[in-house]
Structure formats: structure tokens, C-alpha cells
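[1] coords please:
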Amino acid sequence: MAQSYYSNRVASPVASAFDPASILNGEKHLRAEDVQEAYMEQRDRLVGAIDSTKSILNEIRQFNKDEWVVRYPQLKEYPTDGSSERATLHSKRRKTIRRSMSFADDPTTETDVVISEPRRSLPRAVTLGSIPDAQDEEEDDSFSPNEKEEDSQRLLPSSDFHVLRLDLKLGASGASTSAASLVSQLEKSSIANLIDDRIGSSLTHMDKLRLRVEDTSSKVLVTGDLNAGKSTFVNALLRREVMPVDQQPCTTAFCEVHDAAENNDKEEVHVLKEGVAYNISDESTFVRGSISDLEDIVGNEEKQPMIKLYLADTRAPSESLLNNGVVDISLIDAPGLNRDSLKTTAVFARQEEIDVVVFVVSAENHFTLSAKEFLWNASNEKAYLFIVVNKFEQIKNKEKCRRLVLEQIKQLSPRTYEDAQDLVHFVDSAAALQPYTANPAFDDLESALRSFVLVKRSKSKLQPVSTYLSHLLSDIELLAGANAIVAENELQQARDHLDEARPILEKMKQGRDVLETGLENTEEDCSDKAASRTRSILTDAIERVGQGKLGVDKPLIPMPSYPGILGLWDYAREVRRALVASLDAAVKLAEDEARVITTNGVQTIKNLGEVHLPEGVERSRRVFMPEAMFSVVRRNGKGQKSRRSSSGAIVAGGIHGLGIGLAQRHDLLEPTFLDLFDVHHQMWLHFGDGSEKEEDRSLSFVPNALSVASVGVGALTMVGGSAVGARSLIEGVLRITDLVGNEATRKWAAPILGAVTIGLTAYLILELPSSIPKTVGRRVRASVVRKDGTSEGEVFVDLHAGRVSKETRKVLRLASWDLRERFRSAMEERSKDVKGAEEMEKKAMRATEWFADVGRKTGEIRTSVKLDDLDH
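    Below you'll find the predicted structure:
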């Protein structure tokens, strides 16, 4: 025998029972009890391994659904031309298999990984960082410890999938290294769903494997291409012509041949009813037929039923395959693979319940495409196939035919090629049916098949299950290892991100109250400063106006020059106009000061933003325009907005708009006679206490009659000049009356009247030009600060101070609101970012531990069932 089916390092009943030396000494030396005991032991271990593997697969599906989107890795080799640094490194480490790993949902991101191969004394299942590359370390100590540690952290158990492989290629090119040939558009969830479906299919297949392992009988599927001689081969095994044979394809249904002992030693045909589970004890599940009708039943192109055929084999149990006295055997004659797609699909599906596949190939045609596809698919589960090269006697150049067929088998099923002496047979089945004709080749085939099915049941029945289980566990290990690498990377990324984001968030939390206090203080300080400055400017301006001076140093309208006695009235009007305009200029000056204060406040708020906003947060792009302050938005007739300065005025008697505009009030610009001769001022100056407050209060009550009377009294008072008091004037009038009656006095009247006239003329020429600005100023000042019911007790200065303060606060509040919103939004974003990173850290840590535990479980399964030993 070319190679044993079990490793020599396995010290178990299975190994001792199937030791190659024992087999070479002959099957007769094998004790049936030892064989059966070893078989049962291995079978029980396989059943437990199947259940454990199913549990792992179900856990992966649940984990994929609830906690982690399982990624599907794709591995490719580095270019061998040495063009890349990785390729150079790979060439230095010949013992280490290095691959570039990417994922179907993200083919552009590649990770360098190390593929581990099974080694003696090391478990097959590995986890990340669990097995250092010991042999490479011994062979090449030139690499740094960091490089070696990097290899151990990216260790994968295998380089490709077997059972859980997903076909993600597009088109007919099949270039696995081409990014264009991959379904890179698929999202992670879509790939995860495909993996879930594939796992579901594997679970279904494992249920069938479990039933097959527990089934004491063995099923042998005889399949192959059309006209390969399958039915002839089955007849040769039975040593009777039962199955219909013709040059045209005649087998259109699955014919399952059983020993007649299972049917009370009756030879008959049971045609199974479609959709009903077959039960030999329930005749409602099948239709009986005779052996003679088999050809018609099998050749029915319309119904194509499933057939159970019970035959009696009169040969001794040592020669018969059906009546072997050990286990129940059934031979299944299947339709040709390349008959049609439905038949081929049916054969593919039936192999899940098959223990042994006997593939019949014509020596004339060798392996067709459909045959190769079937063998490739079967090799995922069955490492060993029984191949019959039929019609070999008709080939002239037999050595060439043998060589070509074996070369193809080497590519399709390497394990079968290794044991070709026992598993590959070149025969002529038709010759075996000839009576009294020796056929040593077929006799050897039949003996090898009996040994393969009966004696070596651990290889024929259990080995396919072990192979499938080993491949599936390798896929699970690859899937877990790749996802563990992803989880490790995401865990490190999350921790790095947290190290960067947490301090920023903590700083923002600590600076939130400081920022809020700074914004509030800026608003209050600037508003108070603007109001205080406005009060100072307007109060000073009013005081200067009350003294007959212009309210500001740079007035809008200069003080007029005295035009003479004839232009006295116009002079009073121009003086009043200039003084009122100077108050408007003072208001404008206060607004300009407020603009400067507001500009500084806006800059302070920006500086607070620079201090408290983290990097990466967009700063405000708002441009503060000081000239836009103290303007009113109005809509024109077309609905368009227009902005202009307010033109109202705050005057005595009420609020007529906010802003500049006293010079536009006609009632403040028109002079009165009292602007020329201020009787009230002289009366309160001589008869009152002389205070300005009492004078301002007196100006609030001006009866009409008193105004008329004051004109004459004022004129008389002016005659005496500022040197003559009112009391003295009255006394002088009484004395003058007495003197008028005196003759002597009359002589002096003319000179006296002349003197009075001269004094009055002197007053008009000398005193009146300087007294009119003071008089007008006092009256303008009194008008501005006057109170009444409509103004709610507020005065000019307070109203303008409140207006300027309100405008300043409005601008600063808008800037503060913008900064608060940016800070709040940035803080919420950082909080979400930190929370997301924490969740990612927790999730990645959980995934890392979970996938590592999966690797540990698969290792335990391999150890328990000794899959590594069975693979060798």
C-alpha cells in the first residue's frame, strides 16, 4: 500500500487497527472486534465534534447578528518579482508564508499577515499572538524582536477558505487579484449576510453528516459521465445483469440497490412516491414492481422516480458486497453527470448522504468538465475517492492512458492519487460479466472496494466527515483569526482616539463655566461702559449748551455771528439751530464711542472662542460691521429691505423715535421772544434762590398772561442794566411818579429819558449779542431735560444711554450666542465621539476575546477527534 490513511504518531486503537504494516500482513489478521471498537470510538468522537462545531457556527451567526459584523477576508500572495518591500522580506523568510489580507467590503485596505502551517507537537488551532514563529526565529535571528512580535500578532491558521468560501468574483476573467473583479460595492452588512447564509448551509450539511455517521449502513454512490459504463459496473459487482444497459443513456433515475435480506429475502422493485418519506413497512409510501419491469421503470423519461431495488446475492459473505455479513450496504446507480443540468445538480446534492463515491470514468474520454467539477466539489469533504477507469481493455496504448489519467487524478484528488494502488483501478466491467472467465483486475477492484467499504470503514465512512469537519474548522479559524486582527486594530484605534479625544472633552467641560462667565462679563461690561460713556458725553454736551456753548468740539453747524439789531430774530433762530445740532452731534459721538466699545467686545468674544474651542472646529465667519449699528431695517414698497439710520428725536414732550434728529424738529428750531429777553431767568436770579434746578423747574410752568406781562417788565429791567435790581426799579418808578408832579423834576425829565434811551441802546448793542446764546441755550437745555407724563419719567440722557446700551448688548449677545452654539455643538460632537470610541473599544475588546475563544474551542475539537492525525 502506498500511504497509510492515519498518521504514525497517533497512539490510539484506530491507529493500531489500521496500521499499514498490519494491512500489509493481510486483512485476515485483523480482529473484527478491534476494528469495530476502533470504528465506534472514532464515530462517537466525530458525533461530539459535529455537535461542538455546530454550536460554534450557531454562536458565530448570533454574534454576527447581535454584536459584531463578521468580515470576510481575502488573502493574496505578494508579487515574486521583488518589486515591493514585503516581497523582499518574504523572500528572506522562506519558512514563513506571508500574505496580504484585505476584505471584500474594503479591498483597498491591506494588512500583512503570517499564515501558520500545522507542525508537530503544536495544535492546529491558533489564536492571535499565541504561537511565535519559533522556527523562523531559530533560522533567522537578524530580525528585530519588534518584527517577530508583529508576525505573532498577525498569525492566521490557513490561507484560503474551503467550505465557507464566497464567490465574489465578477465576469469570466476570474482574476482574484484584480480589484475590478471583486464585489467591492458590497457593504459590510451584505457580506455578513452572505456569510450567515453560507454558515446556514454548512449547518444543514452537518445535520446530514451526523445522520450519516450514526447510520450503521453504508451508501456507495456509483456515478460518472454518460456511457462511462456505470450500470455495467454495478452489474459486474452484483455478478448478474440487473441494471439496464444500452449504448444510449438509459439510466434516468437513481437506483438504490439493497440486499434482499432487508426485504424479507424478496427480490422486487420499490418505486418511491414523490413527496412522501419512504418506509419499507408502509406500502403507501411506494409502489411495488418486479425485477423484469426495471428496464421500463428506469427508462421512463417523464416520471424519473427514485427506485429501491432489493436483490439476493447468493455468493458467500466473504465475496459479496451486499451480503457481507458485517454492515448493510446499498449501491446507488446515478444518472450521468453531463446528461442535463437537473440530473447533475441532483447527483451533487445526493453526495451529502453518501459514504463512498465510486467514480466511473471512460478510458476513452478521461475526465470531462462536469466530471472535474464534481470531483473538485467532492474533494471538500471526501479526501479519498474510489475511481474506476472502465473500458480499459479497449485501449491500445494502455501505459499512456494510465499515465494521463493518473496525472488528472493528481490534480483533482491528491489523496486519492497517493493511494492510487488501492483506489484507482483500470478494468473492463463488461468482461467481468462473462461466465467462467478470469478477470484478475476486476477481482482486485472488488477486493479493494470491499476492504475500503467494510474493513476500512473509518476511512470510507468517517474519513469524509473528518475531512469536511477539518476544512470547516480551518475556515472558522481563518474567519476568527482575520476578524480578531480587525478587532485588535479597531481596539488600538479606539484607544488612540480616546487618548486624544478625552483630554479635549475634559478641557471643554472644565472651561464651559469659564466661557459662560467670560461671555456674560463681556456683555455686561461693554453694555455698562457704553451706557456710562453715553451719559458722560450727553451730560457734558447739555451742560455746555446750557452755557450757550456748542455741545461738542466739532459741531455739525458752527455758532452763527451776530448780524446786528435788525437781524436779531434770525440770529436767535440760527443760534437755536446750532445748539440743537450740537446735541445731535453729541449723540452721534456717543454712538461712535459705543461702536468702538462693541468692536472691542466682539474681539474679546473671538479671543474667548480661540481659547475654548478645540482645534478642528470651524470658527465664526461673521464679519462685524460697526457702521451697521443704530440703523433701522425698513421695507420699501417692493418688499425689499433697506437699512438707514434712525431720524427720530427724543424731545421734551415725548419720544419721537430713537437716534439722531433733534435738529429736524421744527418746534425746537423756531425762536420765541423769551429767547431775546429771558424774564424768568432774571426774576429767579434776583428773586429766587438763584439755583439752576429751581430755574429749570420754573420753566416747566409758563402761563400765557405772565408771558405777556413779563415782556414789559423785562424791557424795563433791561433799561436799568444788570446793575439795577428789580426792587430798586419799582421804587424808582414810584419816586419818578412823585417827581413828575414836581415842576423842578420836569426840568430834569428830558435828560433822564435821554439817559435811559442811551442805556437801552447800549444794552441792545453791547449785552444782547452775548446774552442771546446763553438764553437760547438755557431754554434748549430745559426743553431737552423736561419731563411729562408721556415720557414715563425718563430724560434725554437716560433714553439715549439705554438705547446705546441695548444696541451694544444686542450685537454682543449675537456674537456670544454664535460662540455658545459652536461650543455646544463641538462639545456634543466630542461627547458623541468619545462615547462612540468607548463603545468601539468595548465592542472590539469583546470581539477580540470572543474570537480568541473560538480559536481555543476549535483547537479543543481538533484535539478531541484527532483531526490533525486524520489529515495525514
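[2] contacting residues for the spatially closest residue to Asp328 that is not a sequence neighbour?
    Excluding its sequence neighbours, the residue lying closest to Asp328 (Cβ to Cβ, 6 or more residues apart in numbering) is Ser217, at 3.8 Å. Every residue, glycine included, has its C-beta placed from N, CA and C. Residues in contact with Ser217 (Cβ atoms under 8 Å, 6 or more residues apart in numbering) are Val327, Asp328, Ile329, Ser330.
[3] let's see 10 Å
    For Ser217, the contacting residues are His258, Asp259, Glu262, Val327, Asp328, Ile329, Ser330, Asp355, Lys461, taking Cβ atoms under 10 Å, 6 or more residues apart in numbering as the criterion.
[4] in strands only, show me those residues.
    With strands defined by DSSP state E, the entries of the contacts of Ser217 inside them are His258, Asp259, Ile329, Ser330.
[5] just give me the neighbour total for the last one.
    So the one you mean is Ser330. For Ser330, the neighbour count with other Cβ atoms under 10 Å is 19.
[6] now do the contacts for it.
    Contacts of Ser330 by Cβ under 10 Å, 6+ apart are 217-221, 256-259, 262, 308-309, 322, 354-355.
[7] only C-alpha atoms, please: export stretch 576-588 in CSV.
    Coordinates of the C-alpha atoms in stretch 576-588 are reproduced here as CSV (Å, rounded to 0.1, in the frame of the first residue of the first chain):
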residue,chain,number,x,y,z
ARG,A,576,-31.0,127.6,18.5
ARG,A,577,-30.4,125.6,15.3
ALA,A,578,-26.6,125.3,16.0
LEU,A,579,-27.1,124.4,19.7
VAL,A,580,-29.7,121.7,18.8
ALA,A,581,-27.5,120.3,16.1
SER,A,582,-24.6,120.1,18.5
LEU,A,583,-26.7,117.9,20.7
ASP,A,584,-27.3,115.6,17.7
ALA,A,585,-23.5,115.6,17.1
ALA,A,586,-23.1,114.6,20.8
VAL,A,587,-25.4,111.7,20.3
LYS,A,588,-23.5,110.7,17.1
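[8] longest strand in the protein, please.
    The strand spanning the most residues in the chain, taking DSSP E as the definition, is strand 106-115.
[9] before we move on, back to that, how much space between the residue nearest to Asp328 and Glu283?
    Separation of Ser217 from Glu283 (Cβ to Cβ, to the nearest Å): 22 Å.
[10] same thing with Val623?
    Counting by Cβ to Cβ, the gap between Val623 and Glu283 amounts to 96 Å.
[11] could you list the low-pLDDT ranges of the stretch 701-850 of the chain?
    701-750, 752, 755-756, 758-768, 786-794 (pLDDT under 70).
[12] hey, where'd the strands end up in it?
    Secondary structure of the stretch 701-850 of the chain (DSSP state E, counting those that start in this stretch): no strands located.
[13] what residues are up against Thr416?
    Residues in contact with Thr416 (Cβ under 10 Å, 6+ apart) are 359, 375, 379, 382-387, 406, 409-410, 422-424.
[14] in helices, which of the residues you listed appear?
    Leu375, Ser379, Leu406, Ile409, Lys410, Asp422, Leu423 (DSSP state H).
[15] wait, the fourth one touches Ala420, no?
    So the one you mean is Ile409. Yes. With contact defined as Cβ atoms under 10 Å, Ile409 and Ala420 form a contacting pair (6.8 Å).
[16] and for the two, which residues touch both?
    Joint contacts of Ile409 and Ala420 (Cβ under 10 Å, 6+ apart) are Ile387.
[17] who's more crowded, the two?
    In this view Ile409 and Ala420 are compared by other Cβ under 10 Å, and Ile409 has more residues nearby, 23 against 18.
[18] select the longest helix from the chain.
    In the chain, ranked by residue count with DSSP H as the criterion, the top helix is helix 463-546.
[19] just the helices in the stretch 301-450 of the chain please.
    Along the stretch 301-450 of the chain, counting by DSSP state H, counting those that start in this stretch, helices occupy 341-350, 369-379, 398-412, 414-418, 420-423, 429-432, 440-450.
[20] mind listing what's buried along the fifth one?
    Neighbour counts using 16 or more other Cβ atoms under 10 Å place Ala420, Asp422, Leu423 of helix 420-423 among the buried residues.
[21] ok, now the third one?
    Of the residues in helix 398-412, Cys401, Arg402, Val405, Leu406, Gln408, Ile409, Leu412 count as buried by neighbour count, 16+ other Cβ under 10 Å.
[22] try the second one
    Applying a neighbour-count criterion of 16+ other Cβ under 10 Å, the buried positions in helix 369-379 are Ser370, Ala371, Glu373, Phe374, Leu375, Ala378, Ser379.
[23] contacts only, for the last one.
    I take that to be Ser379. His162, Leu385, Leu412, Ser413, Pro414, Arg415, Thr416, Thr467, His471.
[24] repeat that with 8 Å
    Neighbouring residues of Ser379 by Cβ under 8 Å, 6+ apart: Leu385, Leu412, Ser413.
[25] now these as TSV including distance to Leu498 and pLDDT?
    Listed next are the contacts of Ser379 as TSV, based on distance: Cβ to Cβ, whole Å; pLDDT from 0 to 100:
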residue	distance to Leu498	pLDDT
Leu385	55	88
Leu412	53	88
Ser413	53	88
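[26] tell me which of those residues is nearest to Ser631?
    Comparing the contacts of Ser379 against Ser631 with Cβ to Cβ places Leu412 closest, at 89.8 Å.
[27] so the closest one touches Thr368, yeah?
    No. Using Cβ atoms under 8 Å as the test, Leu412 is too far from Thr368 to be in contact (11.9 Å).
[28] now, which of the contacts of Ser379 sits nearest Asp592?
    Top of the list for closeness to Asp592, among the contacts of Ser379 and by Cβ to Cβ, is Leu412 at 95.9 Å.
[29] contacts only, for that closest one.
    Residues in contact with Leu412, defined by Cβ under 8 Å, 6+ apart, are Phe367, Lys372, Leu375, Trp376, Ser379.
[30] in a markdown table, list those residues along with distance to Glu618 and pLDDT.
    Output for the contacts of Leu412, formatted as a markdown table (distance: Cβ to Cβ, whole Å; pLDDT from 0 to 100):
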| residue | distance to Glu618 | pLDDT |
| --- | --- | --- |
| Phe367 | 68 | 88 |
| Lys372 | 63 | 87 |
| Leu375 | 64 | 85 |
| Trp376 | 59 | 83 |
| Ser379 | 61 | 76 |
